[in-house]
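Colleague: sharing a model that was predicted from the sequence below.
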Amino acid sequence: MIGQSVGSIVLGLEALLRCPPEVYLDTMGYAFTFPAAKLLAGCRVGCYVHYPTISGDMLRKVIERRPSYNNDARIAESQAVSWGKYVYYYLFSLAYGAVGGWCSSLTMVNSTWTKNHIDGIWGIDSTLVFPPCLSASSHLSSQPTTVGSDRDESLMISIGQFRPEKDHRLQLSSLKKWKTLTKLNRVLKLVLVGSCRGKEDRDRIQQLKQFATETLGLVEGQDFEFAVDATKQQVDELYSKALIGIHTMWNEHFGIGVVEMMAAGVIVIAHDSGGPRHDIVKDAKLPASRAGFLATDDEEYARAMETILSLSETDRAEIRNRAREHIRKFTEEDFARGFVEAVQAKLLTLR
């Protein structure tokens, strides 16, 4: 994190020297460039934060010695190394909070989860402006949600890059759990859709296939398949056909993929944390206002799958329609309005 921050300062200084602005508005997360913009260039400084560089969750994971994609198991196993990493994170968070809270006159954030972390670390009250997920004429919203719509009841999809934090293993183990507990005479196939960035991702896909077949006993092509680097046309076809969409990333800062599935009429089961819990799939456990489902472990996901498959077409159509209504606040038009209003009120009026 220190190396990236130093690199951002060099980049920021180059930009400020080449073209000194009156207003410096960061949307990349380069908070450590703010002092140079404010003190050296005399700019009015603002930012739109997608994801905090460091969060309270990261600190807790280290001090509790919980292994994860950003806390290597070898570090978690050592108390001394974990304490060293915690001190490093803690000092970094103090510096991050100081430059952000002191230098930024306008701080916009993309979700309630991000707001809670930024407000806590920076000691401010940030402005929530949801990201631009959908246009008013989005093609996804043209997918049918009515009773009798042409949905494949055996199809469940996952949308997301093949990165470790997306937790595709939980998706596969949830499917296996459903197969063991279901009382329905149904089949369910999971299609994992995502982009592959390079060798590490390709290796991860092979490991996931081995986990599914050798550990879980699932059959590739019958129970699951991978749609790697699928075209837009292929993704749109899956959106139009799938009955269920599954999302398993813990503490996703927002969850644009979840919004897209809801817009397309796919009934989602999202992780009960982060953006999906706070902003997207709210009231998920209340049938009268349900716009989707939330879960945390394979059994909860499996039971949500069973519930969706057991629902009548009328009940499914009601969930889809509530979901579409709920996500209307995530349009490009709402984002542009909120962004411009915040900038005009808190940056352009400063002297």
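Modeller: Okay, I see it.

Colleague: break down the stretch 101-250 of the chain into its helices, ranges please.
Modeller: When assigned using DSSP state H, counting those that start in this stretch, the helices of the stretch 101-250 of the chain occupy the ranges 112-122, 168-181, 199-210, 232-241.

Colleague: let me know the pLDDT of residue 349.
Modeller: According to the model's per-residue confidence, residue 349 sits at a pLDDT of 73.

Colleague: repeat that for residue 17.
Modeller: 92.

Colleague: that one: which element?
Modeller: Taking DSSP states H and E as the criterion, residue 17 maps to helix 2-18.

Colleague: one step back: in TSV: the helices of the stretch 101-250 of the chain, plus mean neighbour count, mean pLDDT and distance to residue 279.
Modeller: In this view, the C-beta of every residue, glycine as well, is placed from N, C-alpha and C. Listed next are those as TSV, based on neighbours: other C-beta atoms under 10 Å; pLDDT from 0 to 100; distance: least, C-beta to C-beta, whole Å:
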stretch	mean neighbour count	mean pLDDT	distance to residue 279
helix 112-122	21	94	5
helix 168-181	20	97	21
helix 199-210	14	95	28
helix 232-241	15	93	21
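
Colleague: what sits against residue 32?
Modeller: By C-beta atoms under 8 Å, 6 or more residues apart in numbering, the contact list for residue 32 reads 5, 6, 8, 9, 95, 96, 99.

Colleague: turn the residues you listed into JSON lines, columns for distance to residue 201 and pLDDT.
Modeller: Compiled in JSON lines, these are given as follows (distance: C-beta to C-beta, whole Å; pLDDT from 0 to 100):
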{"residue": "5", "distance to residue 201": "26", "pLDDT": "90"}
{"residue": "6", "distance to residue 201": "28", "pLDDT": "90"}
{"residue": "8", "distance to residue 201": "25", "pLDDT": "92"}
{"residue": "9", "distance to residue 201": "30", "pLDDT": "91"}
{"residue": "95", "distance to residue 201": "32", "pLDDT": "94"}
{"residue": "96", "distance to residue 201": "29", "pLDDT": "94"}
{"residue": "99", "distance to residue 201": "33", "pLDDT": "95"}
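
Colleague: hang on, residue 303 packs against residue 181?
Modeller: Yes - checked against C-beta atoms under 8 Å, the pair residue 303 and residue 181 is within contact range at 7.5 Å.

Colleague: how about residue 151, what does it touch?
Modeller: With contacts defined as C-beta under 8 Å, 6+ apart, residue 151 is in contact with 241, 242, 243, 265.

Colleague: which of those residues fall in strands?
Modeller: Counting by DSSP state E, the members of the contacts of residue 151 that fall within strands are 242, 243.

Colleague: tell me the one among the contacts of residue 151 nearest to residue 133.
Modeller: Of all these, the one with the least separation from residue 133 (C-beta to C-beta) is residue 265, at 15.3 Å.

Colleague: please tell me how far the closest one sits from residue 151.
Modeller: In this structure, residue 265 and residue 151 are separated by 8 Å, where distance is defined by C-beta to C-beta, to the nearest Å.

Colleague: and if you look at residue 33?
Modeller: For residue 33, the distance to residue 151 under the criterion C-beta to C-beta works out to 48 Å.

Colleague: let me have the contacts of residue 151 in a markdown table, adding distance to residue 311 as columns.
Modeller: Putting those into a markdown table (distance: C-beta to C-beta, whole Å) gives the following:
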| residue | distance to residue 311 |
| --- | --- |
| 241 | 18 |
| 242 | 15 |
| 243 | 10 |
| 265 | 14 |
